[in-house]
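Trainee: A predicted structure for the sequence below; I have some questions about it.
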Amino acid sequence: MGIATEPIGSVPRPTPLLEAMRSRAAGRISEEQFRKAEEAALQDTIARFEKTGSPVISDGEQTKPSFATYPLLGLNLAPDGVVIPFADGHTRQLPKLAAGPFRYGVHAVQFLKAAQRFAHCPVKQAVISASALSLLYPQEGLPGYSRQQFVTDLVNEARRDIRECLEAGAACVQIDFTEGRLALKLDPSGKLLESFVELNNQVLDGFGAADRAKIGVHTCPGGDQDSTHSADVDYVGLLPHLFRLKVGRFYLQLASEPDREHVLRAVRPLLPAGATLFVGVTDPISRRIETPEEVRDRVFEAAEFIPLAQLGTTDDCGFSPFADDTSTSRDTAFAKIQSRVAGTRLASETLGR
Ligand SMILES: [Zn+2]
């Protein structure tokens, strides 16, 4: 059956869709014209994804505004929320909730079902973590809507987001937890990270073992405009917390790590029995396209530390987590995905799996 290989999620949007997004924001095209542009991008993305030979695909997040903000459509928000600084000096600012109760404007199953109409192979679905969305609640509180009530609503909504995707036949559901390593940067004591893990586990407590085997978590140091927000935080500090999450699949950025052995050595004793570790073998931040042989060698390297039955491969991160991020071209993204698939196959053949 071979070593499992999966994407993380996003693929750069094609130019006509980006243009349609701008035209729509300026009120220059109809909703129907915009939907047509979305549909065309989705269909093309799925066709190109399937051509790479990837046994599991995603919708490329073509119609998400970003990996983190898709649930916020139509919500009552103020613009001045938490600011996330990136290493190259640019920032992304989250909005904050202006009134309760908190309900998702969009649930991820909508993207999954749209993709399944075109796909011939299994489709996975990424969802945003409850911990990331917990940052929406304002520091100063909200009149008539306590933080506690917000957290209860958030846990219910995050659970529903996952459950609906599983029920709709997602190959698996991946929780994007890119704020894990960032949490250690913001609070080196580890308390913030611990509270994130607790919150996400509250969501996961709503699922049994069979469901959890299909639920995974993705961690990375952030990836936007070819820059990161927390690559300077030692991975090893994150790992003991990460592996406490009650999921069966872990998607670990690794290709871009300066010392991969250091990370793999730390993972080995922590990886829960029965869980699958998908190691990143391609780097979306770098424009250079990895060769299949390079990918194969990265699998060999990981196989020295991780039992083969628990090893899979992935891309380090999405290729365009925010819709307006065009730092990587579509051609480059698909070429890297193709190398991941081919290199993983080469490794499978040699390792006899
Ligand atoms: Zn990522």
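Mentor: Perfect, I can see it now. Numbering: from 1, shown residues only.
Trainee: Near the ion, which residues of this protein are found?
Mentor: T178, C220, C317 (C-beta under 5 Å from the ion). Where C-beta positions appear, they are placed from N, C-alpha and C, glycine not excepted.
Trainee: What number of residues are in the vicinity of the residue in the stretch 101-250 of the chain that the ion sits nearest to?
Mentor: Residue of the stretch 101-250 of the chain nearest the ion, by C-beta to the ion: C220 (3.3 Å). C220: 29 surrounding residues under other C-beta atoms under 10 Å.
Trainee: ok, now the one 3 residues further on?
Mentor: G223 has 31 neighbours, counted by other C-beta under 10 Å.
Trainee: which non-adjacent residue is nearest it?
Mentor: C317 (4.0 Å; C-beta to C-beta, 6 or more residues apart in numbering).
Trainee: burial measure for the one you found, as a count.
Mentor: Neighbours of C317 (other C-beta under 10 Å): 30.
Trainee: Next, find the distance separating it from V155.
Mentor: 26 Å (C-beta to C-beta, to the nearest Å).
Trainee: On the pLDDT front, check the residue in the stretch 251-353 of the chain that the ion sits nearest to for me.
Mentor: Distances between the stretch 251-353 of the chain and the ion by C-beta to the ion are smallest at C317, namely 3.2 Å. Here, the pLDDT recorded for C317 equals 95.
Trainee: what do you get for T326?
Mentor: Value for T326, per-residue pLDDT: 82.
Trainee: what's the answer for M21, then?
Mentor: 95.
Trainee: So it lies in a helix, does it not?
Mentor: Yes. Assignment of M21 by DSSP: H, G, I helix; E, B strand; the rest coil places it within a helix.
Trainee: where's it relative to I29, distance?
Mentor: M21 is 10 Å from I29, by C-beta to C-beta.
Trainee: average pLDDT across the biggest strand by length in the chain?
Mentor: Longest strand in the chain by number of residues (criterion: DSSP state E): strand 276-282. Throughout strand 276-282, pLDDT has a mean value of 98.
Trainee: Ok, stretch 86-103 next?
Mentor: Mean pLDDT, stretch 86-103: 93.
Trainee: quick one: terminal-to-terminal distance for stretch 222-232?
Mentor: 11 Å (C-alpha to C-alpha, to the nearest Å).
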